[in-house]
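> heads up, no residue letters with this:
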């Protein structure tokens, strides 16, 4: 019977007493304790039932008491009696920590419980970190220890230091490393608020650091009260914990650091987070975008951040491995080809179409300190709304001389309309997203009026303004053609042409190249946001600007003709439907 089946059977046997997220770690711990007792302490498991509720077994392993303190169910009468028949089907003398950890991870994934770093990501992390000369390795959110076990497979001579806020989790990690027979210290505790491992009164530094922290945790207590120098760059409390975890990892490393993170910390435009990204930039060596859905409990996009305290250049390697997934839905894995491609380009950095690009610190700072891989890597294939799939001439796209939108237009931002602004018959017309129909037309008469006493002068629209969506997944672009007083709401933005045809701007932004640059200049992890600064930086090929009048007028005429015919077709269609409705109405209803 293989390890996965043993764990599965153990979980099934305990299902009346414990949920799977409790029983799987417990069964794994007991199996590990038995293997350690047999391999290291010459314990013999021969009897059908161990005497004294397993006291002889537990006493044979020195560290077992602190592990069982976190899994008190192992002391309950009958638990060992239930588990022992499954345990005895394993060749305990040959059981390796890596095999047990792998089986535990796979079983957790199949049961869709627990948040665990996927095995293939652990192997990738172990390959990316320079462990050959490391004598100390730290993981401040060590979890069940799978990452440390993978690292120890590469370097069994280092000492592994781990901390996790969950005592049950830390106990299992400690058992895995004991079974692996490597030097280690694993403690339970909060690595941010109550960090462990000191050298005198200062936090100890380590040769290598790895961290796979939980995503999306909000900050409660201010970690600066327990900074120990880790968070000195912060001048205010952060709303999210992401950068506390990242700073904890980077500041405790003497060499290389690897952090697993979600997409959000790479792109949020909050000033405090931009400041941290700029502070860390001199140590950032690579950003690797992984396929979405690798973690079983979330479909979130994950990234690997690599740092080096002794980095000697001003470049960052951006890698987009998001296309290297195999499997389906939340059973995805990073493919072997993906792993090999990442390791190959990390070993010999080079620009590869749609996969990797080396960017300078200046480029990153010019892009609002964004670490978003998509901002820097051009994919030769692009999916457009109107023209379907297209292929770029990448070299030409990058080398074509361009003019930023801010040279041609003034950017008008929207007013923040809130619940305190009540609708009224004689208030100010505030244009919102749903006032623009699918054909990009605005019915001014239907625009809702609101009671607003603030001065809205800077939000007022003028004829010829080009309106587009600032927040949201659905982009609509229209030219404002009214002289009535209408004001923009916060989810919209307008471009006021200085000396360029407004319909050229609409035509360009709806074209494949304009759509591409809009996507590249949009930020936000869950809700796409187009900031005033980003729209101002949006590039337009200089050659097209010289043809703006001709293109804009041609587009205006074509659009006018199209809308006229569309209205005629809609009118004819309505007449046909009305006729059919009447045919299907044998006197059951009438219009009022």
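Looks like it came in fine. For clarity, every value in this text was computed on a predicted model and none was experimentally measured.
> What's the first helix or strand after the lowest-mean-pLDDT helix or strand in the chain?
Lowest mean confidence among the helices and strands of the chain (mean pLDDT, DSSP states H and E): helix 55-60, at a mean of 73. Remark: after helix 55-60, the chain's next helix or strand is helix 64-68, criterion DSSP states H and E.
> by contact count, what packs against the helix or strand following that next one?
Following helix 64-68 in sequence order, the next helix or strand is helix 79-87 (DSSP H and E). Using 3 or more Cβ pairs under 8 Å, 6 or more residues apart in numbering; DSSP states H and E, the elements in contact with helix 79-87 are helix 3-13, helix 20-41. C-beta coordinates here come from the backbone N, C-alpha and C atoms, glycine included.
> let's go with 10 Å and repeat that
Applying 3 or more Cβ pairs under 10 Å, 6 or more residues apart in numbering; DSSP states H and E, one finds that helix 79-87 makes contact with helix 3-13, helix 20-41, helix 55-60.
> would a markdown table of those helices with distance to residue 124 and mean neighbour count be doable?
Converted to a markdown table, the helices and strands packed on helix 79-87 look like this (distance: least, Cβ to Cβ, whole Å; neighbours: other Cβ atoms under 10 Å):
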| stretch | distance to residue 124 | mean neighbour count |
| --- | --- | --- |
| helix 3-13 | 22 | 19 |
| helix 20-41 | 23 | 22 |
| helix 55-60 | 37 | 17 |
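> could I get the ones you listed as JSON lines with distance to residue 468?
Rendered in JSON lines, the data for these read as follows (distance: least, Cβ to Cβ, whole Å):
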{"stretch": "helix 3-13", "distance to residue 468": "53"}
{"stretch": "helix 20-41", "distance to residue 468": "46"}
{"stretch": "helix 55-60", "distance to residue 468": "67"}
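> Mind checking the ones you listed for the one nearest to residue 574?
helix 20-41 (57.5 Å; Cβ to Cβ).
> Point out where this protein drops to low pLDDT.
Residues of the chain meeting the criterion pLDDT under 70: 1, 45-55, 297, 328-330, 524-526.
> Could you list the domains of it?
Using automatic domain parsing, the domains assigned to the chain come out as 1-95, 96-377, 406-551.
> Could I get those in TSV, plus columns for distance to residue 574?
Shown next, in TSV, are these (distance: least, Cβ to Cβ, whole Å):
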stretch	distance to residue 574
domain 1-95	58
domain 96-377	42
domain 406-551	16
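> before we move on, back to that, thinking in terms of the whole chain, how far from its middle is the least confident helix or strand of the chain?
How far helix 55-60 lies from its chain's middle: 45 Å, per Cα atoms, centre = their mean, to the nearest Å.
> And it, what does it pack against?
helix 20-41, helix 64-68, helix 79-87.
> Of all the ones you listed, which one is nearest residue 570?
Of these, nearest to residue 570 by Cβ to Cβ is helix 20-41, at 56.1 Å.
> Helix 79-87 and that closest one, what's the angle between them?
Angular relation of helix 20-41 and helix 79-87 on a 0 to 180 degree scale: 70 degrees, by axes from the mean of the first three to the mean of the last three Cα atoms, to 10 degrees.
> By residue count, what's the longest helix in this structure?
Looking across the chain with DSSP state H, the single longest helix is helix 548-583.
> in it, what's buried?
Going by neighbour count (16 or more other Cβ atoms under 10 Å), the buried part of helix 548-583 is 548, 551, 552, 555, 556, 559.
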